[in-house]
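Chemist: Coordinates only, no sequence provided:
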């Protein structure tokens, strides 16, 4: 069920340069069905900015009805979220979208989680759940530079975690795609910038790969057709998927990136 | 007593609130959130003869108190709408207004003829004002004589009353309204979006892949109010008003301007529950302002005292 409610902010802190970790208590946490789902946040009580902001859920605790979101402060909307303080109410709609499928990988098999920048957060809950299930979990986390690195420790608790930076100021220098070649896996889950997703999709056509996409959204529930992408098996031009409600997680090849 | 019911050509509405075309799909998504029979009516997404994928992304860009969209009339096409969407919607006892779009005259006629024969379609909304398609659409909505001709031809084939959706992107909205009335329109819906553009600060290029898009949201409300005020005084057919409606108070303002019912568009994206919320709040607003029935508000901005319905305030 999708709910709209005023959640309560439990904590908020900057965990890397312009990267914020926001924990909210809300009833709708009970309805989260899979890692990789998102919530749609109204950042202002007024009319500017008007539209909600989609933010992925990076972890949740149903018992405590709490969820943690990690977002990057980059525009007016996210700057307003960053100003919110513990105790304040926050207007959220969710949970939205379809998350990562956990049943695609079995106990004892290896899952490789590849995240780029602000695409990393939804992989954290996935990592927790896969590890709890008994899946061998490996992580490759790519960041632009040292000051942007977050959650290395958290992911490390679940399995091998390799950090890369574009400029080599931390971890290994280079792109996540260079590291994937060095590791074996049964299933790959990824979220990050489109060029990275595309490279992964093209690099492993015979493997089980699941990608989480990002797109500008309007309604977040599938009604406005703002966030469509073309379906991979489209013969005519009329076949499409909506990132918000058909995704944001798709099987590689399902949509054109 | 129902203080909100409205009688319009083809439409017996329990209340005057309906989601605007293009902001509600075919109702499936919102049906998971609330009971669609609460709505006065539903204006379904524009239907064209053939399926349309629409424009490339990005298709939306935010602006102050509004948004630009350039979806491009994405829809599954006439055949699928008739075979799947309308039968699905028939489970809800709510009037359907089918938005009819096309590139050439024959397209409009084909869609109007077929879709107006579907059991739950109570009226058509002739979309001669979409700013986001390259051919048709807005061309029919900017030249009065072309609009009159198209309205007349669609009227000839339609089994249900025809409302024509006017574009604000014209020099003289009154001429357009008179033209469609002369063509036989049973009502007018207005306004569609205003053509706008936003540029990306880093690249200097337009944000929307379509370059331009239609501006909607609270930012356009004063334009809609002004145009409805002008048009409602010169035509004798009813107006369904739209353009930035967010609250019950906004609805009353549209009625004052001359509307007889109101459609809610962009606000559905901000708050998917906005339509039922407005419907719940309207009686309180009527109480506060001293009206027995919402129809007393229509045209209050320009009607002389003698023309006004009873008002006890």
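Modeler: Yep, that arrived. From a predicted model like this one, the values you see are computed outputs, not experimental measurements.
Chemist: Model confidence for the residue in the stretch 151-300 of chain B that chain A sits nearest to, exactly?
Modeler: In the stretch 151-300 of chain B, the residue that lies nearest chain A is residue B:269 (4.3 Å; CB to the nearest CB). Every residue, glycine included, has its C-beta placed from N, CA and C. Per-residue confidence at residue B:269 stands at 96 (pLDDT).
Chemist: Doesn't it lie inside a strand?
Modeler: No - counting by DSSP: H, G, I helix; E, B strand; the rest coil, residue B:269 falls outside a strand, being helix.
Chemist: ok, now which ones touch it?
Modeler: Residue B:269 makes contact with A:51-52, A:218-220, A:223-224, B:23, B:67, according to CB atoms under 8 Å, 6 or more residues apart in numbering or on different chains.
Chemist: So in that sheet, which strands flank the host helix or strand of residue A:70, and in what orientation?
Modeler: Assessed by DSSP states H and E, residue A:70 sits inside strand A:66-72. Applying DSSP bridges, strand A:66-72 is found paired with strand A:19-25 (antiparallel), strand A:53-61 (antiparallel).
Chemist: From residue B:192, how far off is the closest residue to residue B:160 other than its chain neighbours?
Modeler: Distance criterion CB to CB, 6 or more residues apart in numbering or on different chains; nearest residue to residue B:160, sequence neighbours excluded, is residue B:116 at 4.7 Å. Relative to residue B:192, residue B:116 is positioned 21 Å away (CB to CB, to the nearest Å).
Chemist: re the thing from before, okay, the residue nearest to residue B:160: pLDDT?
Modeler: So, for residue B:116, pLDDT stands at 98.
Chemist: can you check the one 5 residues further on too?
Modeler: Reading off the confidence values, residue B:121 has pLDDT 98.
Chemist: Is it in contact with residue B:98, as I believe?
Modeler: Yes - counting by CB atoms under 8 Å, residue B:98 is a contact partner of residue B:121 at 4.8 Å.
Chemist: Partner strands of the lengthiest strand in chain A, with direction?
Modeler: If you go by DSSP state E, chain A has its longest strand at strand A:3-16. Within its sheet, strand A:3-16 is paired with strand A:19-25 (antiparallel), strand A:89-96 (antiparallel), according to DSSP bridges.
Chemist: And chain A, is the longest helix that chain B contains touching that?
Modeler: Scanning chain B for the longest helix, with DSSP state H as the assignment, gives helix B:274-289. No - using CB under 8 Å from any CB of the partner chain, helix B:274-289 stays clear of chain A, with a minimum separation of 10.1 Å.
Chemist: contacts for that helix?
Modeler: So helix B:274-289 is contacted by B:3-4, B:15, B:17-19, B:34, B:38-40, B:245-249, B:251-252, B:264, B:267-268, B:271, B:292-294, B:313 (CB under 8 Å, 6+ apart).
Chemist: Any of these buried? List them.
Modeler: The neighbour count (16 or more other CB atoms under 10 Å in any protein chain shown) marks B:4, B:15, B:17-19, B:39-40, B:245-248, B:251-252, B:264, B:267-268, B:271, B:294 as buried among these.
Chemist: hang on, the earlier thing: can you give me the buried ones in the longest strand of chain A?
Modeler: A:3-4, A:7-10, A:12, A:16.
Chemist: Need the residues that contact it.
Modeler: A:20-28, A:31, A:66, A:70, A:82, A:84-94, A:147-151, B:271-273.
Chemist: thinking again about what came up before, reformat the strands paired with strand A:3-16 as CSV; add mean neighbour count and mean pLDDT.
Modeler: As requested, the strands paired with strand A:3-16 are exported to CSV (neighbours: other CB atoms under 10 Å in any protein chain shown; pLDDT from 0 to 100):
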stretch, mean neighbour count, mean pLDDT
strand A:19-25, 21, 98
strand A:89-96, 22, 97
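Chemist: Is residue A:111 in a helix, a strand, or coil?
Modeler: Secondary structure of residue A:111, reduced to three states by three-state DSSP: strand.
Chemist: close enough to count as contact, it and residue A:184?
Modeler: No - between residue A:111 and residue A:184 there is no contact under CB under 8 Å: 11.3 Å.
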